[in-house]
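Asks: quick one: sequence plus predicted model below, questions after.
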Amino acid sequence: MVRDKERAGRIQRVLSENNWDALVCTLPSNVLLLSGYWPVIGNAVAIFARDGAVIVVAPEDERELAGQGWADEVRTFEGGSLQNLKTISESVREALSGVGARSGSVFGYEASASFDPATYAATFHYGAGIRAVLGGAFPAVVLVDATTRLARLRAVLTDRELGMVRQACDIARQGFMSATAGIHAGMREFEIAALLKGGLLRGAPSDQRCDGFAYCMSGPNSTQAFAAFQQTRARAIEEGDFVLLHCNSYCGGFWTDITRTFTIGRPDSQKAAITDAVVEATRKAIGEVRPGVRASDVDAVAREVMNARGYGKAFVHGTGHGVGFAAINHSALPRIHPLSDEILEAGMVFNIEPAAYIDRVGGLRQCNMAAVTDGGAELLTGFQNEADELVLE
């Protein structure tokens, strides 16, 4: 992979501004940030030095993947062997020990809690143990918490990174379009989620690691879709139901956060009014997006519409959060929230998700992806955004 010079330049500026000699990262999304390599198992380490040199330490099984990034040097270690019973931390510490680091050097690393997307059944996280690994490998190095600066680096995407998010959004679009063509009353939630999931695979390019997660919550279950996680059940959908479909697609390590809520059959007046309110709040919020605007102002515009339509109390979460390196992370910058003091910048990517969750009626969320450009918002999910497109007859 050709080095992303835009990304490398930003990392080097952070190192210079903080007088750090290197950034050392283990979270797969941050390894991707530093090296262009997106780990699978999660035990790889990336080091980005102030002079621009990049070293990756990866499991032998991921040598080929690691080589597809832009690291200047890839070192590998055995993830498991009949010859020894070393822990991953021991193997990685040994592999890192050969990396030169002068006494008194300052390395920034991930010292605080964080979300990170997972694409495999089990993934490795060093947690608090990473300080012991790094301290053992670099005993003369000063380790400092770089979590806040890494969050800022992730908040503004480069042109290459935004292109990957566009690909992930297109995968989701194909999944939604193919799934909704097959939805009908009597289907169970897990069958609908499977339709969406299968559509994601059909839309994925063959030369990339692309796929995603899909969830369906319908009728009374959809009222709980504001929770921190989505849960697909075996409920059979009925005429008149809200059917909330949520998707987190990914391509090459870059993620989406997208929801569409459909009505099975022509909606009654109450469901039609809720749909119209959420669609209008979405449109107004996206229209507010441009560089220099406070994130809280985008939230306020969406909330003003929901309040005016009588659904303000049913809109129980923020309007959005950063997406791209993150999938579902409500702390990812920028936070489109009533209390956020963050200012939007060109290159920021986030979701816009006005919603209403009403007991005995249902939950409706319209979640889009938007990128900040010099001229305003680029809507990355320009499909099924009109009220009549959300009716399945």
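Replies: Structure received. Residues are numbered from 1 along each chain as shown.
Asks: every contact and neighbour count from this point should use C-alpha atoms.
Replies: Noted.
Asks: doesn't residue 277 belong to a helix?
Replies: Yes - Residue 277 forms part of a helix when assessed by DSSP: H, G, I helix; E, B strand; the rest coil.
Asks: OK, contacts around it?
Replies: Residues near residue 277 by CA atoms under 8 Å, 6 or more residues apart in numbering: 305-306, 309.
Asks: now residue 221
Replies: 362-363.
Asks: just the ones of the contacts of residue 277 in helices?
Replies: Applying DSSP state H to the contacts of residue 277, the entries found in helices are 305-306.
Asks: how about the helices in the stretch 151-300 of the chain?
Replies: 159-180, 189-203, 269-288, 295-308 (DSSP state H, counting those that start in this stretch).
Asks: and the shortest one, how far out from the chain's middle?
Replies: Here helix 295-308 shows a centroid-to-chain-centroid distance of 23 Å under the convention CA atoms, centre = their mean, to the nearest Å.
Asks: of the contacts of residue 277, which is the most crowded?
Replies: Highest neighbour count within the contacts of residue 277, by other CA atoms under 10 Å: residue 306, with 24 neighbours.
Asks: using the three-state scheme, assign residue 66.
Replies: Classified using three-state DSSP, residue 66 is helix.
Asks: would you confirm that it contacts residue 32?
Replies: No - using CA atoms under 8 Å, residue 66 makes no contact with residue 32, being 9.8 Å away.
Asks: just the buried residues of stretch 45-62, please?
Replies: The neighbour-count check on stretch 45-62 (16 or more other CA atoms under 10 Å) flags 45-50, 52, 54-59, 62 as buried.
Asks: what does it contact?
Replies: In contact with stretch 45-62 (CA under 8 Å, 6+ apart) are residues 8, 12, 15-16, 20-26, 31, 34-35, 39-40, 43-44, 66, 70-79, 92, 95-96.
Asks: just the pLDDT at the residue lying farthest from the centre of the chain, thanks.
Replies: Here the centre of the chain is the reference, and by CA atoms, centre = their mean the most remote residue is residue 83, at 38.9 Å. We have a pLDDT of 80 for residue 83.
Asks: so the chain: which segments form each domain?
Replies: 5-155, 159-392 (automatic domain parsing).
Asks: if we can go back for a sec, and the buried residues of stretch 45-62, which two are the farthest apart?
Replies: 50 and 62 (25.8 Å; CA to CA).
Asks: secondary structure element for residue 136?
Replies: Secondary structure assignment for residue 136, by DSSP states H and E: helix 130-137.
Asks: if you count neighbours, what's buried in that helix?
Replies: For helix 130-137, by 16+ other CA under 10 Å, it's 130-131, 133-137.
Asks: with just CA atoms, put the very next helix or strand once past that helix into CSV.
Replies: Beyond helix 130-137 in the direction of the C-terminus, DSSP H and E gives the next helix or strand as strand 142-145. Output of strand 142-145 as CSV, limited to C-alpha atoms (Å, rounded to 0.1, in the frame of the first residue of the first chain):
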residue,chain,number,x,y,z
VAL,A,142,9.2,7.2,29.3
LEU,A,143,5.6,6.1,28.5
VAL,A,144,2.8,8.8,28.4
ASP,A,145,-0.9,8.6,27.9
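Asks: kind regards, and thank you for your time.
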